[in-house]
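Peer 1: I need the structure of the sequence given here:
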Amino acid sequence: MRRLAEAGDIEGFLRLLSHTPYGEIALEDGVDPSISLERSLNYKLLGRVEEVLRAAPGRMGAFLEVFTLMRLEVINLKRILRGRFTGLPPNTIMASLIPMQPYEVADYGELAEAGDVVEVVSRLRGTPYEALEEALDFLRLFDALWPLELRLSHLYFSEVSREAEVLPRVARSLARRLIGVEVDVENLLAAIKLRAVEKRGEVLRRIGEIFTSTYLIEHGLIKRVIEAESLQPLIRGLDHPYDWILEPLLEDDMAMIRARLRRYIRTLAMDGRRVDDYGMSVALSYIMLNELEKNDLVSIGWGLIQGIPIENVTRYLTHSL
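Peer 2: Got it, this is the predicted structure:
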């Protein structure tokens, strides 16, 4: 990873990458090179995921399909919602999506062409995402998209937790931990946003409607975050890893919060790889590690394309250099 980061330019980066299992990657003509690079790397990620799914037997394969494909689809749905919320044209939205076949929805193109966010949500009726309609009230109340993005994360966590009930205990625990920590951090960041809203009383009364899923951070602590006069003692009093992950908030470094979250998930995945419980823990870890590596490669490539000093990119990578 260090050699790739020190490639100097995107051409050198792609040349070095061609000597790895990622192989040759050619940027598309007439397409933003950052978008083209991410799309190509997503194709590589999907290829590895599909290999795992093809090889996984029975209930392992069924669970991994939900864990992986629904996870990627939720990313796509968030990008579609964000695109419609900000008024991006459908072709720009479609170019930003992970290039996968729809998993639970019928067609990404139809969603990207919806008139607005409310229409996107209405087109998700009859899918596992139809409960997004319940979050539209908060979209209007806060005039912000994050309540819908948060609800998508909750729906994914709930679905994976339900499907994981059939797994052996160790694999079930790992699966819930890998995504549960993400949900908790998203919930805490949402709670911090809610500290600034005017209708705080209504927010506190409707905590359970906003935060429909939690892992280790329960509603009582979320309420304390919203009500706290100062965040510093509260954050430093959180249990590990949440104190460490959220510490950069005290310096307004949101990017480092995301980086630390990814690093903690990588640690979980590396530990899980050492536990072979019918191969499930190894498969889960392999998928997560590949996703994290892909994200780092996208970040390095983006930094080289934009001409950003590489040290400003590498400090936020998942992998230590």
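
Peer 1: Every contact and neighbour count from this point should use C-alpha atoms.
Peer 2: Noted.

Peer 1: Run through the residues that contact Phe67.
Peer 2: Contact analysis of Phe67 by C-alpha atoms under 8 Å, 6 or more residues apart in numbering lists Val160.

Peer 1: actually Ile257, not the one I wrote
Peer 2: Under the criterion of C-alpha under 8 Å, 6+ apart, the neighbours of Ile257 are Ile245, Leu246, Glu247, Pro248, Leu249.

Peer 1: same thing but 10 Å
Peer 2: Contacts here follow C-alpha atoms under 10 Å, 6 or more residues apart in numbering; on that basis Ile257 touches Val185, Leu189, Tyr242, Trp244, Ile245, Leu246, Glu247, Pro248, Leu249, Arg263, Tyr316.

Peer 1: Around the spatially closest residue to Asn42 that is not a sequence neighbour, count how many other residues there are.
Peer 2: Leaving aside its sequence neighbours, Asn42 sits nearest to Ile98 (C-alpha to C-alpha, 6 or more residues apart in numbering; 6.1 Å). Neighbour count of Ile98, defined by other C-alpha atoms under 10 Å: 20.

Peer 1: so how far is Ile75 from Ile98?
Peer 2: Plainly put, Ile98 is 8 Å away from Ile75 if you go by C-alpha to C-alpha, to the nearest Å.

Peer 1: residue contacts, Val225?
Peer 2: Contacts of Val225 (C-alpha under 10 Å, 6+ apart): Leu188, Leu189, Ala190, Ala191, Ile192, Lys193, Leu194, Arg195, His219, Leu231, Leu234, Ile235.

Peer 1: same check, this time on Ala112
Peer 2: 77, 79-81, 83-84, 88-94, 119-120.

Peer 1: I would like a PyMOL command selecting only the buried ones among the contacts of Val225, please.
Peer 2: Buried residues among those (16 or more other C-alpha atoms under 10 Å), as a PyMOL selection:
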select buried, resi 188+189+190+191+192+194+195+219+231+235
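
Peer 1: Would you mind putting the contacts of Val225 into a markdown table with distance to Glu51, secondary structure and pLDDT alongside?
Peer 2: Below are those laid out as a markdown table (distance: C-alpha to C-alpha, whole Å; DSSP: H, G, I helix; E, B strand; the rest coil; pLDDT from 0 to 100):
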| residue | distance to Glu51 | secondary structure | pLDDT |
| --- | --- | --- | --- |
| Leu188 | 35 | helix | 96 |
| Leu189 | 35 | helix | 95 |
| Ala190 | 36 | helix | 96 |
| Ala191 | 39 | helix | 95 |
| Ile192 | 40 | helix | 93 |
| Lys193 | 40 | helix | 92 |
| Leu194 | 42 | helix | 93 |
| Arg195 | 45 | coil | 91 |
| His219 | 39 | helix | 96 |
| Leu231 | 45 | helix | 90 |
| Leu234 | 44 | helix | 92 |
| Ile235 | 41 | helix | 93 |
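
Peer 1: Greatest separation within the contacts of Val225: which pair is it?
Peer 2: His219 and Leu231 (16.7 Å; C-alpha to C-alpha).

Peer 1: Pull the distance from stretch 280-289 to the chain's centre.
Peer 2: 16 Å (C-alpha atoms, centre = their mean, to the nearest Å).

Peer 1: Repeat that for stretch 24-36.
Peer 2: With C-alpha atoms, centre = their mean as the basis, stretch 24-36 stands 23 Å off its chain's centre.

Peer 1: Now do that stretch, average pLDDT.
Peer 2: Here stretch 24-36 scores 88 as its mean pLDDT.

Peer 1: same deal with stretch 170-180?
Peer 2: Mean predicted lDDT for stretch 170-180 stands at 91.

Peer 1: Return that stretch as PDB; C-alpha atoms alone will do.
Peer 2: Extracted in PDB, the C-alpha atoms of stretch 170-180 (Å, rounded to 0.1, in the frame of the first residue of the first chain):
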ATOM      1  CA  VAL A 170     -19.000 -17.300  17.100                       C
ATOM      2  CA  ALA A 171     -19.900 -16.500  13.500                       C
ATOM      3  CA  ARG A 172     -23.200 -14.800  14.700                       C
ATOM      4  CA  SER A 173     -21.300 -12.700  17.200                       C
ATOM      5  CA  LEU A 174     -18.700 -11.600  14.600                       C
ATOM      6  CA  ALA A 175     -21.300 -10.700  12.000                       C
ATOM      7  CA  ARG A 176     -23.300  -8.500  14.400                       C
ATOM      8  CA  ARG A 177     -20.100  -6.900  15.800                       C
ATOM      9  CA  LEU A 178     -18.800  -6.000  12.300                       C
ATOM     10  CA  ILE A 179     -21.900  -4.000  11.500                       C
ATOM     11  CA  GLY A 180     -23.200  -3.200  15.000                       C
END
